[in-house]
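[1] no sequence on this one, just coordinates:
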């Protein structure tokens, strides 16, 4: 793996906020030896690439993708934050997802494709992927954002993932970033394809929050079958009600199916619940009205 920094020696020598040995936490104390910061940072960037299989030719692009504006503001460094890469990555993601859906769902109408795309590029979906990649551990954050739990904020994680995709596009091109996006979204696409293109887990989570319930809890009841054809059975507890178990070829697919069942059951509980759920789902034509 070829790691190189394209930033000038002047920018590399600027003091930066101190971080722990894991590259995780800002203390707000400037480091006087900028070279040590850069060399240790490269180690963590290299580990990230090895762990995720996302290889960069130019490590400075990857570093910038993980640099939040709060860090730049507090460090008073001329380095870039990740907002321009986020802007680029948002468009790259939208194009690639649209192309993937166009090729995979050849019999789907424009409205169905649009609903699938909306679910796949949503903040909830992107933040979940970012958490899986452990992106939060590598973020450059300012002290204030650090103290407020910025590493766990869905908005920051989703934005950083888009910045990562923008950086990867610049580094390796559209073919490579498209393949990466397909890999990262594969399970979610499979799950959504069996549930009318709706991210029912996100819908039920927002419903629980708005209704004052505890967040839904999903649990694997059992799994069966050979490795190449395993079925997962998942149950969901929401508002003291247990739904399931229902099966899926992956855990995510089973979770989406049981969340869809919860959606349908709670939608029938009362007119008020129906209004809440319909408003969250933004639906009228993706599911048949039971009346």
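    Cool, got the structure. Being a predicted model, the structure only gives us computed values, none of them experimental.
[2] surely residue 260 touches residue 199?
    No - counting by Cβ atoms under 8 Å, residue 260 stays clear of residue 199, with 9.9 Å between them. All C-beta atoms are positioned from the backbone trio N, CA, C, and that covers glycine.
[3] can you pull out the strands in this structure?
    All strands of the chain, identified by DSSP state E, fall at 17-19, 26-30, 217-224, 231-238, 241-248.
[4] shaky segments in this structure?
    For the chain, the stretches flagged by pLDDT under 70 are 1-38, 78, 192-198, 282-291.
[5] scan it for its longest helix.
    If you go by DSSP state H, the chain has its longest helix at helix 83-104.
[6] chain center to that helix, what's the gap?
    Taking Cα atoms, centre = their mean, to the nearest Å, one finds the center of helix 83-104 at 14 Å from the center of the full chain.
[7] can you give me every residue that contacts the residue nearest to residue 225 when sequence neighbours are not counted?
    Using Cβ to Cβ, 6 or more residues apart in numbering and skipping residues adjacent in sequence, the residue nearest residue 225 is residue 231, 5.1 Å away. By Cβ atoms under 8 Å, 6 or more residues apart in numbering, the contact set of residue 231 is 223-225, 247-249, 254.
[8] of all those, which comes closest to residue 269?
    Proximity of the contacts of residue 231 to residue 269 (Cβ to Cβ) peaks at residue 254, which lies at 23.1 Å.
[9] isn't that closest one right up against residue 243?
    No - the pair residue 254 / residue 243 is not scored as a contact, 11.7 Å apart, by Cβ under 8 Å.
[10] more crowded one of those two?
    Neighbour totals were compared for residue 254 and residue 243, and residue 254 leads with 27 against 23 (other Cβ atoms under 10 Å).
[11] which ones are touching the more buried one?
    Neighbouring residues of residue 254 by Cβ under 8 Å, 6+ apart: 220, 231-234, 245-248.
[12] which one of those residues is nearest residue 176?
    Each of the contacts of residue 254 was checked against residue 176 using Cβ to Cβ; the closest is residue 248, at 29.9 Å.
[13] residue 109: how many residues sit nearby?
    Neighbourhood size, residue 109 [other Cβ under 10 Å]: 8.
[14] try residue 212
    A count of nearby residues for residue 212, using other Cβ under 10 Å, gives 7.
[15] could you do residue 277 as well?
    Residues lying near residue 277 (other Cβ under 10 Å) number 25.
[16] any idea how far residue 137 is from residue 191?
    Using Cβ to Cβ, to the nearest Å, one gets 26 Å for the distance from residue 191 to residue 137.
[17] those two: which has the busier surroundings?
    Neighbours were counted for residue 191 and for residue 137 using other Cβ under 10 Å; residue 191 has more, 25 against 14.
[18] distance of the residue nearest the centre of the chain from residue 159?
    Centroid check for the chain by Cα atoms, centre = their mean gives residue 126 as the closest residue, at 2.2 Å. As judged by Cβ to Cβ, residue 126 and residue 159 stand 8 Å apart.
[19] how close does residue 129 sit to residue 70?
    On the measure of Cβ to Cβ, residue 129 and residue 70 end up 22 Å apart.
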